[in-house]
Structures are given as structure tokens and as C-alpha cells.
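Engineer: pasted the sequence and its predicted model underneath.
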Amino acid sequence: MIKKFLPVIFCLSLVLPAYTSSAPGNNPVSGKEQTSSPPGPKEQGINLRPAPRKDKWAQASVGKNGETAVPSGPQEFVIVIRTAPKDAKVDQVTLGQKGEILIPRSPEANRSHVSATVMRSPKAAGGPAANKAEEPKKEHEEGEEAKKGKGANRARSTGEAQSVAGSMDSGKDRGNLGSGEGTAFGGFPSNSPGNVGPFLGDGFIPAAYQQTTDSSSFAIGQDDSGETPTTPVVLPTAQLQAILEKSVSDVGIPGAIMAVQTKDGVWIGAAGKADLNANLSMAPDMQVRLAGVTKVFTAALIMKLVEENKIALTDTVQQWLPALIVPGTVPFSAQITVAMLLNHTSGLYDYTGDQYFVDLLLSDPYYAWPSDSTYDEIIYWIFDSVFTPGTAFEYCNAGYYLLGKIAEAATGNTDTVENMIKTRFFDPLNMSKTTLSRGGQFQTTEPYTLGYCWIDPSYYPFLVDTAAVVDTSDWDLSWDWTSGSGVSTVHDMLTWTRALFRGQVVNAQSLAQMTTPQDPSSFGFGLEVSDSDPWFGEKMYGHSGENPGTLARWLYYPDSGRTIFLILNRFDSYAPAQMDVSQVADSILADVSNALWNATP
């Protein structure tokens with residue numbers, strides 16, 4: 001019995017007992033009063049000791065004399081995109097003698113020249129071969145100089161030109177959203193425009209390019225029919241950029257990235273800072289953490305496994321996880337079905353709203369929570385329920401964590417969620433900068449933004465000495481996993497949106513189940529569903545997410561074909577919050593709605 005209460009005793013010795021109720025996790029639910037700690041493993045216990053942070057490594061380009069080389073600033077180049085023979089290897093990026101990108105011809109692609117002005121670092125001017133110097137690992141030292149070096153690495157330009165064209169087989173939607181990488185011209189310096197890489201159209205090369213007044217954004221005309229637009233881009237680009245700019249500051253929300261896609265085109269903008277210490281500007285191509293938006297990937301994987309007859313929606317938790325369900329954990333496990341986990345009607349109490357769990361999490365936010373087919377530390381926290389399964393609705397991160405375990409169990413634990421999603425979805429869709437890993441790690445060879453969360457030492461003295469926003473970008477998210485550890489880019493999320501709602505991810509029956517709430521739930525499977533959303537008054541499918549250091553809003557409007565994806569690199573997950581970041585996000589979306597409604601063709 002003493003062992004059972006050790007986590008609580010130790011935890012309460014570290015922190016003050018008085019808390020308000022903000023929980024970690026994405027879309028956190030209010031905390032529930034606890035009178036005792038959850039049952040824990042009898043042998044292994046739970047280690048509450050804050051472990052030392054592991055050595056960090058940074059990568060950098062090395063100059064001729066061994067110096068660390070990073071882009072020193074933008075330089076303007078004009079890249080001419082030309083048509084090329086059908087056998088051109090666009091997926092590997094084919095360049096002409098003068099550095100132009102060669103695109104395969106198609107009958108409807110008789111546009112001999114399409115020009116785009118892009119900002120690139122001087123080192124990138126030579127094309128793919130320009131930055132082929134070795135990138136040895138460099139030990140990250142503590143202190144401001146090391147932080148600046150780490151920040152500079154995030155802005156590193158790869159110098160590799162990537163294709164901006166999608167599949168050129170006109171007239172057909174082959175499920176190929178383009179054959180280039182996630183951003184058309186690789187990584188960008190911090191003040192360079194973004195680029196959508198493979199464009200969202202049926203083999204459409206953008207013929208209308210509108211340079212915005214701010215170098216941190218861009219807009220490209222789009223006509224989803226594949227025909228050349230006859231009217232210029234009408235997106236209110238200056239207004240959209242201004243909306244972002246007024247929402248960020250060094251003392252508030254450091255940075256923001258937003259994509260707006262309508263029938264008139266696509267605009268992607270960035271504002272503010274990705275790294276406050278390094279004074280690094282946010283850029284449109286940076287990787288971001290998705291928090292709760294991750295759930296749409298998990299739901300899609302489950303539905304794909306249903307299509308493959310590996311799982312049934314009526315299967316139960318106990319059926320798939322008998323070795324992990326020990327007495328005192330996962331109540332009603334023999335009654336909770338896969339469908340209930342998907343639409344948040346399982347009734348399970350969400351550990352991310354448990355204050356004891358928050359205390360444990362923040363005792364060492366870099367801790368990788370262990371998990372395998374016979375032992376999973378997180379499942380010991382799924383020990384209570386709030387209603388009988390199937391009788392009510394309550395958003396539950398714990399349910400989506402269990403879905404990840406069920407997906408792996410369906411393969412006999414011979415495959416991982418990360419690999420299943422990668423091979424089924426991300427690879428075929430060329431979403432090369434999107435991952436769903438257990439710890440939520442960024443691809444450190446690609447630019448990414450830090451995340452910031454306010455921490456009060458009165459509540460968490462082992463994290464900070466004085467109240468401050470802290471960098472959460474390397475906090476381990478294994479406690480959230482298939483509920484909220486996804487990483488992506490704005491471009492990849494636009495690709496995902498188009499593919500999912502065109503039936504290129506799951507079949508029509510699965511998509512209908514994902515987008516149709518069943519009583520008593522107000523959710524579909526992995527999707528928020530609204531018949532009249534608060535910003536546009538239209539039917540909306542999407543998801544929101546909040547984790548320490550990130551807020552995400554992903555919205556798709558099927559009637560108008562509009563997509564909005566918003567990322568803010570701050571979220572105060574733990575009480576007391578310094579600011580209401582969700583309210584800022586709502587205000588941004590309201591302003592975007594007004595700007596789009598008032599735009600004139």
C-alpha cells in the first residue's frame with residue numbers, strides 16, 4: 001500500500017498543494033478532485049526524480065576553413081520554371097543548365113515560362129549542390145551563445161531547390177499532390193517568403209504569382225479546375241499579414257504562421273519570432289507541433305485498419321490490450337469500443353486533467369514515458385471513469401492514446417504507429433516534413449519554431465526561479481503520443497486537407513463516418529464537426545489543439561472549399577496562465593473572416 005502512494009507523497013513534497021485548474025495536453029479538460037494517487041506498477045514504480053537534460057547537439061554547415069556557416073542574409077534571385085520532357089525526374093528535382101526547374105509537359109500545361117521571384121540565401125544560389133558540405137554534429141553548450149547557435153540552425157537554408165509543380169497529368173486527380181518536397185525551395189532564411197511546393201490543384205502550375213508587400217508572406221493564384229486563371233489573385237494579402245503582425249510581440253505571443261486557401265488562391269504568412277533568444281524571425285516553412293490536431297491522423301489510421309479488416313469499430317479495449325489492462329486501470333475496458341474512443345464517448349477520465357499527473361509531468365518534462373507491448377506507464381493513469389461508456393460525450397485525450405496502442409496491437413506489435421502512418425499516408429502524399437512520433441520530435445535538419453509556455457515558480461519551483469515563458473520545443477510528448485505529438489508544416493497540412501476530403505486518405509464510407517457525429521457525441525471520428533461555425537457560418541470540419549508552447553487551429557469548409565490553418569507558438573498550459581492565447585486565436589479568425597468577406601474580386 002505504501003508503494004501505491006509513493007508518487008503522490010514525493011510529488012507533494014516538491015510542489016505547493018494549491019492549484020487552479022488548467023491541464024496540460026491538447027484541448028485540456030478541467031481537473032478532477034483526487035483524493036488518492038492512481039494505482040502504479042508494483043515492481044517498476046514511477047520515477048519522480050528530475051533527470052538531467054541530455055546533451056543537445058546542433059548541426060551546421062561547415063565552411064572551407066572549418067568555420068560554422070549559416071545564411072548571413074537574403075539575396076534575390078529569379079528562378080525560371082520551364083516545361084521539360086515527360087521523363088524528367090521531377091521528384092528528384094531536375095535543373096536546367098541555368099538553374100531553372102524543369103517540369104514535365106502536359107497538354108494543358110502549355111505555359112512555356114512561369115517566373116517566381118524568391119528570396120534565398122547567397123549560399124543557396126548554386127542549386128542542390130551548393131550546400132553539400134558535411135554537417136557534423138556540434139555539441140550544444142549551455143548559455144546564450146549556444147542558444148543563438150541553436151536558433152541559427154533552425155533558420156538554416158538547405159539550398160536545395162524543390163519542385164513547385166504538382167502532378168502534370170491534367171484532367172485527373174491521381175491522389176498525387178505534387179512530386180516535390182514540402183517547400184518549393186528548401187529551407188528559407190528567416191525573412192524570406194514561403195512557398196507551397198507541390199501546389200494544390202489538379203496538375204496546375206500557378207500562372208498568377210503575386211508578391212506581397214511583406215517578405216514573410218506570399219500568394220499564388222489558383223484555379224482548381226486546372227485552367228489558367230483569367231483574373232488576378234483577389235485574396236486580401238496585406239490585410240491578412242497585418243492581422244498576424246498585430247497579434248504577436250516579444251512579451252506576448254512570439255510568433256504566428258497562417259495559411260488561407262480559397263477558390264481564389266493560397267496565401268501563407270508568418271509574423272513575429274520563432275526564437276526569442278536568437279532573435280530569429282518566424283518563417284512560413286517552419287515545422288510546428290500540432291497538439292490535438294494530431295488526432296485526425298490517428299483516426300485516419302484506425303479507419304484504414306478497419307478497411308484492411310485488421311480492426312472492427314465494435315472491438316473493445318480489453319480485447320486488444322489484455323496484457324496492459326491490470327486491476328485498477330481502464331475501467332469498463334470490456335465495454336469501451338474503438339468507436340467510443342474515436343468519438344469521445346468512452347467515459348474514461350482524462351489523465352491530462354489530473355493535477356497529480358501534471359505535477360509528475362513537470363518534475364521532468366524531458367522524461368520519455370516507457371511503453372511496449374507488456375508495460376506502459378501512461379496506462380496506469382487511465383484508472384477512473386466519469387460516465388458509463390456510450391451514454392455521454394466528453395473530450396478525452398486518454399482515449400486517443402489507447403487507440404495508438406490498439407493500432408500497434410492489431411499488427412501483433414510488429415509495426416509502430418509512426419511507421420504505419422508514414423507508409424500509408426505521409427509518404428504517398430509527399431508530406432515529408434510531417435511525423436507522428438512518440439516523443440513529438442522535430443526533424444532537426446529542417447527549420448522549426450520554438451514553443452513557449454508561462455511557468456510560475458510558486459507552483460513549479462523546480463522548473464524556473466522566476467516567472468517566465470520557457471522554451472518547450474524539446475519537451476518529450478510521449479505522454480500525449482497519438483493524442484497530440486504530431487509535427488507538420490503549413491504546406492503539408494494543406495496537402496493533407498485536400499487529400500483527406502477528396503477521399504485519397506480513407507475510402508468514402510470511412511470518410512462519412514469521420515465527418516458524421518453519432519449521438520451522444522458532437523464529434524465525428526477525429527474531427528470536430530459544426531453545421532454553422534462561429535466565424536463563417538458554414539459547415540466546418542477540423543480540429544483545434546493546445547499543448548505547452550503551441551496552439552493550432554485547422555479548419556476546412558466543404559461548401560466553399562476554404563481551408564484555414566493557424567499556428568501560434570505559445571500556449572500557457574499550466575495554472576496560472578499569464579495570457580489567454582485561445583482568445584487571441586479566436587480574434588485572429590474573426591478578423592480573417594471579416595477580411596475575406598470584404599474582399600472584392
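Structural biologist: Looks like it arrived, so ask away.

Engineer: can we go C-alpha only for contacts and neighbour counts from here?
Structural biologist: Fine.

Engineer: what's the local residue count around residue 279?
Structural biologist: As a burial measure, residue 279 scores 15 neighbours (other Cα atoms under 10 Å).

Engineer: nearest residue to it other than its sequence neighbours?
Structural biologist: residue 273 (6.6 Å; Cα to Cα, 6 or more residues apart in numbering).

Engineer: which helix or strand contains that neighbour?
Structural biologist: strand 265-275 (DSSP states H and E).

Engineer: which SSE is immediately downstream of the helix or strand containing residue 301?
Structural biologist: Using DSSP H and E, residue 301 maps to helix 295-307. Once the chain leaves helix 295-307, the next helix or strand it forms, by DSSP H and E, is helix 317-320.

Engineer: show me what counts as buried in that following helix.
Structural biologist: Using 16 or more other Cα atoms under 10 Å as the test for burial, helix 317-320 gives 317-318, 320.

Engineer: quick one: which of those is nearest residue 550?
Structural biologist: Using Cα to Cα, residue 317 comes nearest to residue 550 of the buried residues of helix 317-320, at 30.4 Å.

Engineer: not including adjacent chain positions, what is the nearest residue to that closest one?
Structural biologist: residue 333 (5.2 Å).

Engineer: so who does that neighbour touch?
Structural biologist: 316-318, 325 (Cα atoms under 8 Å, 6 or more residues apart in numbering).

Engineer: which one of the residues you listed is nearest residue 307?
Structural biologist: Closest approach between the contacts of residue 333 and residue 307, by Cα to Cα: residue 316, at 17.3 Å.

Engineer: ok, and the closest non-adjacent residue to the closest one?
Structural biologist: Using Cα to Cα, 6+ apart and skipping residues adjacent in sequence, the residue nearest residue 316 is residue 337, 4.2 Å away.

Engineer: hang on, the earlier thing: just give me the neighbour total for the residue nearest to residue 279.
Structural biologist: Residue 273: 24 surrounding residues under other Cα under 10 Å.

Engineer: quick revisit: most widely separated two among the contacts of residue 333?
Structural biologist: When the contacts of residue 333 are compared pair by pair using Cα to Cα, the maximum separation belongs to 316 and 325, at 11.8 Å.

Engineer: quick one on the thing from earlier: buried ones in the helix holding residue 301, by neighbour count?
Structural biologist: Residues 295-305 are the ones in helix 295-307 that count as buried (16+ other Cα under 10 Å).

Engineer: nearest to residue 363, of the buried residues of helix 317-320?
Structural biologist: Lowest distance from residue 363 to the buried residues of helix 317-320 (Cα to Cα) belongs to residue 317, with 30.2 Å.

Engineer: and the next helix or strand past the particular helix or strand that has residue 513 in it?
Structural biologist: Assigning secondary structure by DSSP H and E places residue 513 in helix 508-514. Sequence order places strand 528-530 as the next helix or strand after helix 508-514, per DSSP H and E.

Engineer: right, and the helix or strand after that next one?
Structural biologist: Following strand 528-530 in sequence order, the next helix or strand is strand 540-547 (DSSP H and E).

Engineer: could I get the full set of helices for the protein?
Structural biologist: Using DSSP state H, the helices of the chain run over 2-14, 144-154, 237-245, 295-307, 317-320, 338-342, 355-363, 397-409, 417-421, 490-501, 508-514, 581-598.

Engineer: using CSV, write out every CA atom in the shortest one.
Structural biologist: In other words, helix 317-320. Taking Å, rounded to 0.1, in the frame of the first residue of the first chain, the C-alpha atoms of helix 317-320 are listed here in CSV:
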residue,chain,number,x,y,z
VAL,A,317,-10.2,-2.2,-25.4
GLN,A,318,-9.9,-5.3,-23.3
GLN,A,319,-10.0,-7.4,-26.5
TRP,A,320,-6.9,-5.7,-27.9
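
Engineer: below-threshold pLDDT in the stretch 501-601 of the chain: ranges please.
Structural biologist: Along the stretch 501-601 of the chain, the parts satisfying pLDDT under 70 run over 600-601.

Engineer: rewinding a little: which of the residues in the helix holding residue 513 are buried?
Structural biologist: Across helix 508-514, burial judged by 16+ other Cα under 10 Å covers 510-511, 513-514.

Engineer: packing partners for that helix?
Structural biologist: The contact analysis (3 or more Cα pairs under 8 Å, 6 or more residues apart in numbering; DSSP states H and E) places helix 508-514 against helix 295-307.

Engineer: spit out the contact partners of the residue nearest to residue 279.
Structural biologist: With contacts defined as Cα under 8 Å, 6+ apart, residue 273 is in contact with 250, 254-256, 279-282.

Engineer: can you name the residues bridging to it?
Structural biologist: In this entry, residue 273 is beta-bridged to residue 281, by DSSP bridges.

Engineer: so what pLDDT did it get?
Structural biologist: pLDDT for residue 273: 98.

Engineer: now it: how far from residue 446?
Structural biologist: Shown here: residue 273 relative to residue 446, a distance of 17 Å by Cα to Cα, to the nearest Å.

Engineer: repeat that for residue 395.
Structural biologist: For residue 395, the distance to residue 446 - Cα to Cα - is 33 Å.

Engineer: which of those two has more residues huddled nearby?
Structural biologist: Neighbours were tallied for residue 395 and for residue 446 using other Cα under 10 Å; the higher tally belongs to residue 395 (23 against 19).

Engineer: the more buried one contacts residue 344, correct?
Structural biologist: Yes. Residue 395 is within contact range of residue 344, at 5.3 Å (criterion: Cα atoms under 8 Å).

Engineer: that older thread, between the buried residues of helix 295-307, which is nearest residue 432?
Structural biologist: Using Cα to Cα, these come closest to residue 432 at residue 297, 14.7 Å.

Engineer: residue contacts, the closest one?
Structural biologist: By Cα under 8 Å, 6+ apart, the neighbours of residue 297 are 421, 526.

Engineer: cool, and the one 4 residues further on?
Structural biologist: Under the criterion of Cα under 8 Å, 6+ apart, the neighbours of residue 301 are 407, 420-421.

Engineer: how deep is the residue nearest to residue 316 tucked in, by neighbour count?
Structural biologist: Applying other Cα under 10 Å, we find 22 residues neighbouring residue 337.

Engineer: thought it was touching residue 317?
Structural biologist: Yes. In terms of Cα under 8 Å, residue 337 counts as a neighbour of residue 317; the distance is 6.3 Å.

Engineer: re earlier: torsion angles phi and psi at the residue nearest to residue 317?
Structural biologist: Backbone torsions of residue 333, given as degrees, to the nearest 10, read phi -60, psi -20.

Engineer: from residue 509, how far out is it?
Structural biologist: Taken as Cα to Cα, the span from residue 333 to residue 509 is 27 Å.

Engineer: sketch out the low-pLDDT regions of this structure for me.
Structural biologist: 1-233, 600-601.
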